[in-house]
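Quick one, fold the following:
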Amino acid sequence: MRLTGSGLGCPTWPQCTDASYVPHSAMGIHAAIEFGNRMITIAVAAVAVMTWLIVMLHRPLRTDLRRLATFAALGVPLQAALGGISVLTGLNPWIVSTHFLVSLSMVTLDRDTGAPRRRLS
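Modelled structure (predicted):
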C-alpha cells in the first residue's frame, strides 16, 4: 500500500472523503482499491465473529479452536483500526509495519492446533 499509494486512495477514515463513505470516479483506481479493502474487511470481520460464536457454542469444548477464533474475532477489528490509523497518519512506516506484523501473525498464528489430523488417502 505504501509503494502504490493505494493506502491513501481514500484520504480519510472511516469515510473515503469528508462528505462520503464511497469514492467517486474522479478519485481514481487507488480509491477503488482502498474502498475494496475496506469492504473485504467488513466481510472478513463478520465471518470471524460468526466463527467465534459457533466455536463458543460447539460441544465438546475445543480450547485450541476457542483461542484461534478469539484471536481472529479480536484481530480483524484491530487490523481495521490499525489500517485507519495508518491512513490518518499518512502511512507512517511504524504504523504500517505494525499493521503488517499483526496480519502476519494472524495468518501464521497456529498451523498446528494440536488437534488430531485426518489423513487424506
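
which intervals of the protein have sub-threshold pLDDT?
Low-confidence segments of the chain (pLDDT under 70): 1-7, 110-121.

can you tell me which helix in it is longest?
The helix that spans the most residues within the chain, counting by DSSP state H, is helix 29-57.

how far out from the middle of the chain is it?
From the chain centre to the centre of helix 29-57 is a distance of 7 Å (CA atoms, centre = their mean, to the nearest Å).

Can you list the helices and strands that that helix packs against?
If contacts are counted by 3 or more CB pairs under 8 Å, 6 or more residues apart in numbering; DSSP states H and E, helix 29-57 sits against helix 63-88. Heads up, the C-betas are built off the backbone N, CA and C, glycines and all.

and after the helix it packs on, which helix or strand comes next?
helix 93-108 (DSSP states H and E).

For that next one, list the C-alpha coordinates in PDB.
In PDB, the C-alpha atoms belonging to helix 93-108 read as follows (Å, rounded to 0.1, in the frame of the first residue of the first chain):
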ATOM      1  CA  PRO A  93       6.000   3.500   8.400                       C
ATOM      2  CA  TRP A  94       5.800   2.400  12.100                       C
ATOM      3  CA  ILE A  95       2.000   2.100  12.000                       C
ATOM      4  CA  VAL A  96       2.100   0.400   8.600                       C
ATOM      5  CA  SER A  97       4.700  -2.100   9.900                       C
ATOM      6  CA  THR A  98       2.600  -2.800  12.900                       C
ATOM      7  CA  HIS A  99      -0.400  -3.300  10.700                       C
ATOM      8  CA  PHE A 100       1.700  -5.800   8.600                       C
ATOM      9  CA  LEU A 101       3.100  -7.700  11.600                       C
ATOM     10  CA  VAL A 102      -0.400  -8.200  13.100                       C
ATOM     11  CA  SER A 103      -1.600  -9.500   9.700                       C
ATOM     12  CA  LEU A 104       1.400 -11.800   9.500                       C
ATOM     13  CA  SER A 105       0.800 -13.200  13.000                       C
ATOM     14  CA  MET A 106      -2.900 -13.800  12.200                       C
ATOM     15  CA  VAL A 107      -2.000 -15.700   9.100                       C
ATOM     16  CA  THR A 108       0.700 -17.800  10.600                       C
END
